[in-house]
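1. kindly return the folded structure for what I paste below:
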Amino acid sequence: MKYDVFSIKSSEYLSACPAFSVNQFNWGGSYRPVTTGHLGYIPGSGFLLEMECQETDPCRTYQNANDPVYLDSALEAFFCFTPDQPDPCYLNFEMNANGAMLACYGESRQNRIPLSEELRKDVLCRAQIDEQSWRIRLTLPLSVIAAVYPGLTPRAGSTFTCNFYKIKESEGQTHFASFAPIPVPEPNFHLPAYFAQAQILPLT
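-> Predicted structure coming up:
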């Protein structure tokens, strides 16, 4: 699976970026909320992500940084900027409708490293609840990427891998959905081998 990331001049152009659907319910389940999103790249600044879920009154218990928001109704984005390396490092951002965000990096599901408080302040996460849906908007600056991947600066033409998720692990409407399919028997989003291929396209 491949996703083209448009370069855009500002956040006002994000809706013109290709839409993606988080509709791979790899492990079954009858509760399947419609989830979509857009990812864009602002040259010299970083990435801008918006995801929306058609879900009313989403479960939103947690409110603090690095709380286990995946137990709530959560939207998630994982990015790997060195996919060709053995055991590549990847970033995970997991967010609920309160705007609480779990943000870590590392090479596997175990021993994830939380972003420092300084880096977290640069990653802007905003949540909005509407009558029939809720959404998040996430800003991932190039400075944060450079801190996790020293010497790396994504730009037009750069490739990376990513996946996007909708999840609720706790009881009651438990579900696991992804953008790119994950062909394994047990729920596990921490598998960069199954992330989608992405490329940053230049400004047009």
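
2. please make it C-alpha for all contacts and neighbour counts, starting now.
-> Noted.

3. which parts of this structure are strands?
-> 2-7, 19-21, 35-42, 46-53, 74-80, 90-96, 101-106, 113-114, 124-129, 134-141, 159-168, 175-178, 196-201 (DSSP state E).

4. how about these in CSV, adding distance to Pro150, mean pLDDT and mean neighbour count?
-> As requested, the strands of the chain are exported to CSV (distance: least, CA to CA, whole Å; pLDDT from 0 to 100; neighbours: other CA atoms under 10 Å):
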stretch, distance to Pro150, mean pLDDT, mean neighbour count
strand 2-7, 22, 98, 19
strand 19-21, 29, 98, 16
strand 35-42, 19, 98, 24
strand 46-53, 15, 98, 21
strand 74-80, 14, 98, 24
strand 90-96, 13, 98, 26
strand 101-106, 13, 98, 22
strand 113-114, 16, 98, 14
strand 124-129, 21, 97, 17
strand 134-141, 14, 98, 21
strand 159-168, 15, 98, 23
strand 175-178, 29, 98, 24
strand 196-201, 19, 98, 19
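
5. which of those strands sits closest to Asn188?
-> For Asn188, the closest of the strands of the chain is strand 175-178, at 8.8 Å, according to CA to CA.

6. what's the neighbour count on Glu117?
-> Neighbour count for Glu117, taken as other CA atoms under 10 Å: 9.
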